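Asker: Got a sequence here, can you model it:
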Amino acid sequence: MVESDARNFPFGTLVTAMVTPFAADGSMDLEAAAQLAIKLVDDGCDGLVISGTTGETSTLEDDEKEVLFRAIVEAVGGRAKVIAGSGSNHTSHSVEMSKRAERAGVDGLLAVTPYYNKPSQAGIQAHMEAIADATSLPVMMYDIPGRAGVSIATETLIRLADHPRIRALKDAKADFAGTTRVLANTDLDVYAGDDGLTLPWMAAGAVGLVSVSAHVATKKFRALVDAAAAGDFATARARHFELDPIVRAVMTHIQGAVSAKLILQWQGILSNSVVRLPLVEPGEAEIASIKADLAEAGMEFQP
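Answerer: Numbering: from 1, shown residues only. Here you go, the predicted structure:
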């Protein structure tokens, strides 16, 4: 890990959107969560998103989220940035969860585009500003139209960048031209929101990524991010190719939280791969596809 990264960037550079471990009965397993956070940081993450999409935020209760924030701050606070997924499609609820996250001691907030409501760009801007106004914490906007049903327009992102606490953008819409304008016209720290696009985004000026696949290949992603940040694109390209089958395994066959938990169980890091409905564990065909991709990357697991 590059020691200056966490100091230079308020959200770090290699940020894992961490799964939320559950016990066999579906209850939250705080001890497993803390141990996973420690391992991820030991292996090179300088930031963790807690209760984001991959953390199954939509099926966590508010009190569970606050307890989880506190547990991860206690486990790795001071060693990595702890970023609370506090956003939702309900602005006042997002504001309240942001305040609770601040009280829990987190370092920053991840605010997703309001989903399902399909607000106008004026509504999206007002929503983001309300979250940013609610606490003293830096905010990373999360633009993911595939889940939200609406994107944050480039012009809206540029306007939001004027807010002193809106500091970063997680881009998960693969609009290279639009986000190039954001990079050129704002001081936002941009993060790849698609694991497989880390290299091109960093070549254009992004500072890192918010990743799901980094759960199972943290050191390889650390090497990619560090090489790209240093301008060593020959090394970065080699790491990009090595990671391609791993990214496919995690991100293309079933929802990322499901595949990440399954592989973490195979690696002996989690004791189970329990998810909460409406997510379900993968079927035999999906498991076979995941294993085939991992085998291509040299990661073999017994049946």
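Asker: What segments of the protein are helices?
Answerer: 5-8, 30-42, 62-76, 91-104, 121-134, 145-148, 154-160, 176-185, 198-204, 218-229, 233-251, 256-266, 284-296 (DSSP state H).
Asker: Which stretch among those helices approaches residue 112 most closely?
Answerer: helix 145-148 (6.7 Å; CB to CB). (C-beta placed from N, C-alpha, C; glycine too.)
Asker: If you count neighbours, what's buried in the closest one?
Answerer: Neighbour-count burial for helix 145-148 flags residue 148 (criterion: 16 or more other CB atoms under 10 Å).
Asker: if we look at it, which residues are touching it?
Answerer: Helix 145-148 has contacts (CB atoms under 8 Å, 6 or more residues apart in numbering) with 53, 112-116, 151, 172-173.
Asker: So which of these belong to strands?
Answerer: In this view, these that belong to strands under DSSP state E are residue 112.
Asker: coming back round to it: of the helices of the chain, which is nearest residue 210?
Answerer: Shortest distance between residue 210 and these, using CB to CB, is found for helix 198-204: 9.9 Å.
Asker: The closest one - what's its average pLDDT?
Answerer: Averaged across helix 198-204, the pLDDT comes to 97.
Asker: For that helix, name the packing helices and strands.
Answerer: Helix 198-204 sits against helix 176-185, strand 189-192, strand 208-211, helix 218-229, helix 233-251, with contacts defined as 3 or more CB pairs under 8 Å, 6 or more residues apart in numbering; DSSP states H and E.
Asker: buried set for that helix?
Answerer: Here helix 198-204 shows 198-199, 201-202 as buried, counting by 16+ other CB under 10 Å.
Asker: what does stretch 263-276 give?
Answerer: 263-266, 269-270, 272-275.
Asker: Could you dump the helices and strands packed on helix 198-204 into TSV and include mean pLDDT and distance to residue 286?
Answerer: Output for those, formatted as TSV (pLDDT from 0 to 100; distance: least, CB to CB, whole Å):
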stretch	mean pLDDT	distance to residue 286
helix 176-185	95	30
strand 189-192	98	25
strand 208-211	98	21
helix 218-229	98	23
helix 233-251	98	10
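Asker: Can you add distance to residue 293 and mean neighbour count and give those back as TSV?
Answerer: Shown next, in TSV, are those (distance: least, CB to CB, whole Å; neighbours: other CB atoms under 10 Å):
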stretch	distance to residue 293	mean neighbour count
helix 176-185	25	15
strand 189-192	20	25
strand 208-211	16	31
helix 218-229	14	22
helix 233-251	4	19
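Asker: on that earlier part again, from the contacts of helix 145-148, which is closest to residue 230?
Answerer: Nearest to residue 230, judged by CB to CB, of the contacts of helix 145-148 is residue 172 at 25.2 Å.
Asker: which residues touch the nearest residue to the closest one once chain neighbours are set aside?
Answerer: In this structure, residue 172 finds its nearest non-sequential neighbour in residue 193, 3.0 Å apart by CB to CB, 6 or more residues apart in numbering. For residue 193, the contact set (CB under 8 Å, 6+ apart) comprises 142-144, 170-173, 209-210.
Asker: any weak-confidence spans in the chain?
Answerer: Along the chain, segments meeting pLDDT under 70 span 1-7, 302-303.
Asker: and with 90 instead?
Answerer: Across the chain, the ranges flagged by pLDDT under 90 are 1-8, 300-303.
Asker: what about the residue lying closest to residue 64 once chain neighbours are set aside, how many neighbours?
Answerer: Spatial nearest neighbour of residue 64, excluding adjacent residues (CB to CB, 6+ apart): residue 28 at 5.4 Å. The local packing of residue 28 (other CB atoms under 10 Å) involves 19 other residues.
Asker: hang on, isn't residue 28 packed against residue 20?
Answerer: Yes - shown here, residue 28 and residue 20 form a contact pair, counting by CB atoms under 8 Å, at 6.4 Å.
Asker: which residues do the two both contact?
Answerer: Listed as contacting both residue 28 and residue 20 by CB under 8 Å, 6+ apart are 60, 68.
Asker: on that earlier part again, widest-spaced pair of the buried residues of helix 198-204?
Answerer: Going by CB to CB, the pair spanning these furthest: 199 and 201, at 7.3 Å.
Asker: list the contacts for residue 165?
Answerer: 132-133, 135-139.
Asker: Any of those buried? List them.
Answerer: Counted by 16+ other CB under 10 Å, those give 132, 135, 137-139 as buried.
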